[in-house]
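Visitor: just a sequence and a predicted model for now, questions to come.
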Amino acid sequence: MAVVGGLKTAYELLKRNISVLSTCGLCYSAPKSTSHLFFECPYSFFVINYFMPTTSGFLLRPNMLQLLDWIETTYYHSRADKKFKLLIACSSIYYIWRERNDRRFGCSSHNHITTILAIKRMVFEKVSKWKNSTSLLELL
């Protein structure tokens, strides 16, 4: 949904003539858009950079498609490693979106460390069921 503009961010709603607050709910400084939320926002970039520190070496912060393409084609070679990194990327996207919704609709707010711990817990539970998962779990 995020790739095709289906997420109801302020930018997408404004394109449909629906008036809403247009400030990012995570950093409270930049205009809200899907590209900002994933991963131009300092909050979301810190989360993804925690799990994939090489993203800090990119010339510009990657957007969601660039990150997924980088995982798929460029950086990771083993099938299990690629599957693991894709799981982390997708989980990060989910938990960042969930944090955005919790702040907006649930009147609760967590810092980036809490989001990282939630992602780690979910990935650990999922990966621990995989065959030969110990080497991957050490990367968390």
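Guide: On my side now, so go ahead. Computed from a prediction, not measured in an experiment: that's the story for all the values here.

Visitor: what's the lengthiest helix in the chain packed up against?
Guide: Identified as the longest helix of the chain according to DSSP state H is helix 79-105. Taking 3 or more C-beta pairs under 8 Å, 6 or more residues apart in numbering; DSSP states H and E as contact, the helices and strands that helix 79-105 lies on are helix 42-51, helix 64-69, helix 112-127, helix 134-137. Every residue, glycine included, has its C-beta placed from N, CA and C.

Visitor: nearest to residue 100 among those would be which one?
Guide: The closest of the helices and strands packed on helix 79-105 to residue 100 is helix 42-51. By C-beta to C-beta, the value is 8.9 Å.

Visitor: touching the closest one from outside, list them.
Guide: 26-27, 37-39, 55-56, 61, 67, 85, 88-89, 92, 95-96, 99, 112, 115-116, 119 (C-beta atoms under 8 Å, 6 or more residues apart in numbering).

Visitor: one more: stretch 133-140?
Guide: Contact with stretch 133-140 is made by 80-81, 84, 120, 123-124, 127-128, 130, as judged by C-beta under 8 Å, 6+ apart.

Visitor: with respect to residue 73, which of the residues you listed is nearest?
Guide: Out of the contacts of stretch 133-140, the member with the shortest distance to residue 73 (by C-beta to C-beta) is residue 81, at 13.5 Å.

Visitor: quick one on the thing from earlier: highest neighbour count among the contacts of stretch 133-140?
Guide: residue 84 (24 neighbours; other C-beta atoms under 10 Å).

Visitor: check what pLDDT the residue nearest to that residue when sequence neighbours are not counted gets.
Guide: Spatial nearest neighbour of residue 84, chain neighbours left out: residue 136 (4.8 Å); criterion: C-beta to C-beta, 6 or more residues apart in numbering. Here, the pLDDT recorded for residue 136 equals 78.

Visitor: check residue 100 too.
Guide: 90.

Visitor: next: the one 4 residues further on.
Guide: Note on residue 104: pLDDT of 84.

Visitor: and for the one 4 residues further on?
Guide: Note on residue 108: pLDDT of 87.
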